[in-house]
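Engineer: Curious how this folds, go ahead:
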Amino acid sequence: MALAPAGYPGNESQIKTWTYQLGQVSKDLAIAKADVKAIEAIALNTHHIHIFKPVTTTTSTTTTTTS
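Structural biologist: Residues are numbered from 1 along each chain as shown. Alright, predicted model coming up:
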């Protein structure tokens, strides 16, 4: 690292910036982990989905009466 000793006042803003950025990365990784878990759950349950399931059709009849 090309920073001066820890007591140098110029380091404080750099360290605060890095700390903030690491916090953001941590949040982003937590979101990514949750997304991966959701995708895994969907993938593991796909064996229950039948893509080529036959389509059932219903027919309706209308009765008309005249008097």
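
Engineer: Could you count how many residues lie near Lys33?
Structural biologist: Neighbour count for Lys33, taken as other C-beta atoms under 10 Å: 10. For every residue, glycine as well, the C-beta is placed using N, CA and C.

Engineer: what's the spacing between it and Ile42?
Structural biologist: Per C-beta to C-beta, to the nearest Å, Lys33 is found 15 Å from Ile42.

Engineer: repeat for Ile15
Structural biologist: For Ile15, the distance to Ile42 (C-beta to C-beta) stands at 41 Å.

Engineer: How about Lys16?
Structural biologist: Remark: distance between Lys16 and Ile42 (C-beta to C-beta) = 40 Å.

Engineer: Now for Asn11, how many residues are close by?
Structural biologist: A count of nearby residues for Asn11, using other C-beta under 10 Å, gives 14.

Engineer: What confidence value was assigned to it?
Structural biologist: pLDDT for Asn11: 79.

Engineer: Now stretch 13-33: buried residues?
Structural biologist: Of the residues in stretch 13-33, none has enough neighbours to count as buried (16 or more other C-beta atoms under 10 Å).

Engineer: low-confidence ranges in this protein?
Structural biologist: Scanning the chain for pLDDT under 70 picks out 1-9, 47-67.

Engineer: all helices of it, in order?
Structural biologist: 11-44 (DSSP state H).

Engineer: Show me the contact partners of stretch 18-38.
Structural biologist: Outside stretch 18-38, no residue is within contact range by C-beta atoms under 8 Å, 6 or more residues apart in numbering.

Engineer: Return that stretch as CSV; C-alpha atoms alone will do.
Structural biologist: C-alpha atoms of stretch 18-38 as CSV (Å, rounded to 0.1, in the frame of the first residue of the first chain):
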residue,chain,number,x,y,z
TRP,A,18,-12.8,1.7,1.4
THR,A,19,-14.9,0.8,4.4
TYR,A,20,-18.0,2.2,2.7
GLN,A,21,-17.3,0.3,-0.5
LEU,A,22,-16.7,-2.9,1.4
GLY,A,23,-20.0,-2.5,3.1
GLN,A,24,-21.7,-2.1,-0.3
VAL,A,25,-20.0,-5.1,-1.6
SER,A,26,-21.1,-7.1,1.4
LYS,A,27,-24.7,-6.0,0.8
ASP,A,28,-24.5,-6.9,-2.9
LEU,A,29,-23.1,-10.3,-2.2
ALA,A,30,-25.9,-11.0,0.3
ILE,A,31,-28.4,-10.1,-2.4
ALA,A,32,-26.6,-12.3,-5.0
LYS,A,33,-26.6,-15.2,-2.5
ALA,A,34,-30.3,-14.9,-2.0
ASP,A,35,-30.9,-14.8,-5.8
VAL,A,36,-28.8,-17.9,-6.2
LYS,A,37,-30.8,-19.7,-3.5
ALA,A,38,-34.0,-18.7,-5.2
